[in-house]
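*Asks:* make a model of this:
(one chain, ligands or ions: 1)
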Amino acid sequence: MGATDESFIGESRRPLDIAHLTRTLTAPVGPLPKVTVVKASPSTNADLVEGLKEGAQWPHLSALVAEWQTAGHGRSGRSWETPKGTALTVSFVVRPRGIPNDRLGWVPLIAGLAVVRTLKHDGLEASLKWPNDVLVMDPLKRRLSGWGPARKVAGILCEAVGEAIVVGIGLNVSQEEQELPVPHAISLALAQSTNLDRASLLAGIATELGSLLSLWESEGGEGSVPAEVVSACDTIGRAVEVDRPGGSHLSGVAKGLSPEGGLIVEMGAGWVETVLAGDVQLRVE
Ligand code: ATP
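*Replies:* I've put the predicted structure just below:
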């Protein structure tokens, strides 16, 4: 059965089995301490941010999953659009322990790595685009300005509430080309993945996120997890164009990631700047 097979896509769009999902994802059977699955939410991030501000109990790695996100957003209020039943939209509450504050900029990259690991497990060539996107290849290798043959299959949005970080993940699963909002977007179906099962994708991402975070914590925010992020990051080694908030612009070559998770960009011999995620927009040449 192919990923673009209509019945395969139809199967993927069937409503999530809320009782089954909750049972299999929640400890002791699954990896999460608490999972809430709702039919619709304007934005799972906004709901969790509001809940946390009101004092609701969301322990480390608890998750809010929405069958349909009706007003999803990216950074700076940009919209994140996914038609009903076509995407995985989930937000986790993360409370890193033993990590210095200046290393928390790695959290969106580690969440992206959890998605990359899950997609690789299903045989896809997935990578990170610094600071908050997950890429897969267009199977036809068509090139787009600023993206080359890579396409955005998932976006990550992190928002801090006190000590907690709300980590939102939007993963395009079964959209057809005309259901995607921008030309540089792709879905797992269009990338010819053999796994369009949103429940199994969620279980994979939750498990990977949990194990990456506990390893990262045990290594005090250094060590093998940042190293794996660097090796999964497609941005490094490429010529990049960076637009910063306020209108300033940098052109150079991405050389690596700083201890804070910033992108080190070399503009010329010996002229290097570190760009922190903030609200930069980045394109590769
Ligand atoms: P870009 O993706 O253009 O580099 P960004 O990483 O800063 O920007 P975010 O603000 O995190 O993006 O996400 C919002 C942007 O993502 C939107 O402006 C739109 O370009 C794109 N987008 C919206 N919905 C989707 C989707 N379902 N799949 C892929 N991209 C999307």
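*Asks:* enumerate the residues of the chain near the ligand.
*Replies:* By Cβ under 6 Å from any ligand atom, the residues of the chain that approach the ligand are 74-75, 78-82, 132-133, 152, 155, 157, 172, 181-182, 185, 281. Backbone N, C-alpha and C define where each C-beta goes, glycine included.
*Asks:* please flag which of these sit within strands.
*Replies:* Judged by DSSP state E, strands contain the following of the residues of the chain next to the ligand: 79-80, 133, 152, 155, 157, 172, 281.
*Asks:* can you name the residues that contact the residue nearest to residue 165 when sequence neighbours are not counted?
*Replies:* Using Cβ to Cβ, 6 or more residues apart in numbering and skipping residues adjacent in sequence, the residue nearest residue 165 is residue 94, 4.7 Å away. Shown in contact with residue 94 (Cβ atoms under 8 Å, 6 or more residues apart in numbering): 60-61, 107, 164-167, 209, 213.
*Asks:* emit the ChimeraX select command for whichever of those residues are buried.
*Replies:* With 16 or more other Cβ atoms under 10 Å as the criterion, this ChimeraX line picks the buried residues out of the contacts of residue 94:
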select :60,61,107,164,165,166,167,209,213
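*Asks:* could the contacts of residue 94 go into CSV alongside pLDDT and secondary structure?
*Replies:* Shown next, in CSV, are the contacts of residue 94 (pLDDT from 0 to 100; DSSP: H, G, I helix; E, B strand; the rest coil):
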residue, pLDDT, secondary structure
60, 97, coil
61, 97, coil
107, 97, helix
164, 97, strand
165, 98, strand
166, 98, strand
167, 98, strand
209, 98, helix
213, 98, helix
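*Asks:* which of the contacts of residue 94 lies closest to the ligand?
*Replies:* residue 167 (12.7 Å; Cβ to the nearest ligand atom).
*Asks:* which residue does the stretch 151-285 of the chain have closest to the ligand?
*Replies:* residue 185 (3.3 Å).
*Asks:* could you do the stretch 1-150 of the chain as well?
*Replies:* Nearest residue of the stretch 1-150 of the chain to the ligand (Cβ to the nearest ligand atom) works out as residue 74 at 2.2 Å.
*Asks:* need the contact list for that residue.
*Replies:* By Cβ under 8 Å, 6+ apart, the residues touching residue 74 are 80, 155, 157.
*Asks:* just checking, the last one touches residue 73?
*Replies:* Yes. With contacts defined as Cβ atoms under 8 Å, residue 157 counts as touching residue 73 at a distance of 7.2 Å.
*Asks:* would you point out which residue is most central in the chain?
*Replies:* Closest residue to the average C-alpha location of the chain: residue 156 at 3.5 Å, with Cα atoms, centre = their mean.
*Asks:* list the contacts of that residue.
*Replies:* Counting by Cβ under 8 Å, 6+ apart, the residues that residue 156 touches are 108, 111-112, 115, 132-134, 167-169.
*Asks:* let's see 6 Å
*Replies:* Residue 156 makes contacts with 108, 111-112, 132, 169, as judged by Cβ atoms under 6 Å, 6 or more residues apart in numbering.
*Asks:* and if you look at residue 281?
*Replies:* Residue 281 touches residue 243, counting by Cβ under 6 Å, 6+ apart.
*Asks:* same thing but at 10 Å, please
*Replies:* 75-76, 78, 146, 241-245, 249 (Cβ atoms under 10 Å, 6 or more residues apart in numbering).
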